[in-house]
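**Student:** show me how the following folds:
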Amino acid sequence: MASVPLWLYTTAGCHLCARLEATLQALRADVTLTRVEIAFDTQLSERYATRIPVLASASGAEYSLADGEEVLPEWLRAQGVEQRLEQGVEMTPPAEHDSATEPQGPALRNGRRFLR
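**Tutor:** The predicted model follows:
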């Protein structure tokens, strides 16, 4: 399957944009990412300034972190993106820690991997 083109609407120093890119890497999403700087375009700034990071597909479908990180894998699948999620990596925060349970594999929270 070929890499799927996606556009990332972003701006310099956007920590949420870096987080989204890290999440895409952790998902091992087969995408060709084109970063679109919104700061120098009035229309893009008006449309995305309070929503970045925003991923957009060639069909015009958009995903924002405001939609929730848990929906990103499904959004990517809907765009035809193949994912090779590493075994043991989860996109949602783990349940409350119970000292009686054994440690489990790594978890992905906010774009970062944590051992549990």
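**Student:** excluding its backbone neighbours, what's nearest residue 51?
**Tutor:** Of all residues not flanking residue 51 in the chain, residue 64 sits nearest, at 4.9 Å (CB to CB, 6 or more residues apart in numbering). Where you see a C-beta, it was placed from the backbone N, CA and C, and this is true even at glycine.
**Student:** surely residue 59 meets residue 79?
**Tutor:** Yes. Using CB atoms under 8 Å, residue 59 makes contact with residue 79 at a distance of 7.3 Å.
**Student:** quick one, which of these two is more surrounded?
**Tutor:** residue 79 (19 against 9; other CB atoms under 10 Å).
**Student:** give the contact list for that one.
**Tutor:** Counting by CB atoms under 8 Å, 6 or more residues apart in numbering, residue 79 makes contact with 4, 6, 57, 59, 61.
**Student:** ok, of those residues, which come out buried?
**Tutor:** Using 16 or more other CB atoms under 10 Å as the burial test, these include 4, 6, 57 as buried.
**Student:** okay, and the one residue sitting closest to the centre of the chain sits in which element?
**Tutor:** For the chain, residue 20 is the residue whose C-alpha lies nearest the centre (CA atoms, centre = their mean; 3.7 Å). For residue 20, the enclosing helix or strand under DSSP states H and E is helix 15-27.
**Student:** what of residue 55?
**Tutor:** strand 54-57.
**Student:** what residues does that strand touch?
**Tutor:** Under CB under 8 Å, 6+ apart, the answer for strand 54-57 is 4-9, 20, 48, 62-64, 75, 79.
**Student:** with stretch 4-18 instead?
**Tutor:** 20-21, 30-39, 44, 48, 51-58, 65, 79-82, 111.
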